[in-house]
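Student: model this:
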Amino acid sequence: MLAHELGHHVHRHILKSIGVQAAVTFAGFWLASEVLQYAVDNARWFEGLSDFATLPLLILVFGGFRFC
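Tutor: Next up is the predicted model:
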């Protein structure tokens, strides 16, 4: 078991994993920002980003992005 974990360290899987997770997190927040801006500005679904009704849309975006 220890050899397996040391193999992750030797092959730099930890750094690669941190990089991938950072990219996925950045992409998720960017996607959520674009969807919410569209919903507020273009579709006029909500009064503004401070409207609590945007929370279900935000949860939907993050929930769908989680499966990618």
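Student: can you give me the neighbour number for Val35?
Tutor: For Val35, the tally of surrounding residues (other Cβ atoms under 10 Å) stands at 19. Yep, even glycine has a C-beta here, placed from its N, CA and C like the rest.
Student: which ones are touching the closest residue in space to it that isn't next to it in sequence?
Tutor: Excluding its sequence neighbours, the residue lying closest to Val35 (Cβ to Cβ, 6 or more residues apart in numbering) is Val61, at 5.0 Å. Counting by Cβ atoms under 8 Å, 6 or more residues apart in numbering, Val61 makes contact with Leu31, Ala32, Val35, Leu36.
Student: so the last one is in which element?
Tutor: Yep, that's Leu36 we're talking about. helix 13-37 (DSSP states H and E).
Student: tell me the buried residues in that helix?
Tutor: Of all the residues in helix 13-37, those buried under the rule 16 or more other Cβ atoms under 10 Å are Gly28, Ala32, Val35, Leu36.
Student: out of those, who's nearest His9?
Tutor: His9 lies nearest to Gly28 out of the buried residues of helix 13-37, by Cβ to Cβ, at 27.6 Å.
Student: for the protein, what are the low-confidence residue spans?
Tutor: Regions of the chain meeting the criterion pLDDT under 70 cover residues 43, 46-51, 65, 67-68.
Student: any idea which residue sits dead centre in it?
Tutor: The centre of the chain sits closest to Gly28, judged by Cα atoms, centre = their mean, with a distance of 2.6 Å.
Student: that one against Phe62, yeah?
Tutor: Yes. Using Cβ atoms under 8 Å as the test, Gly28 is close enough to Phe62 to be in contact (6.3 Å).
Student: circling back to that earlier point, quick one: the residue nearest to the centre of the chain from Lys16, how far?
Tutor: Distance of Gly28 to Lys16, computed by Cβ to Cβ, to the nearest Å: 19 Å.
Student: now Arg66
Tutor: 20 Å.
Student: next one: Ile59
Tutor: Per Cβ to Cβ, Ile59 is found 29 Å from Lys16.
Student: again, but for Gln37
Tutor: Per Cβ to Cβ, Gln37 is found 32 Å from Lys16.
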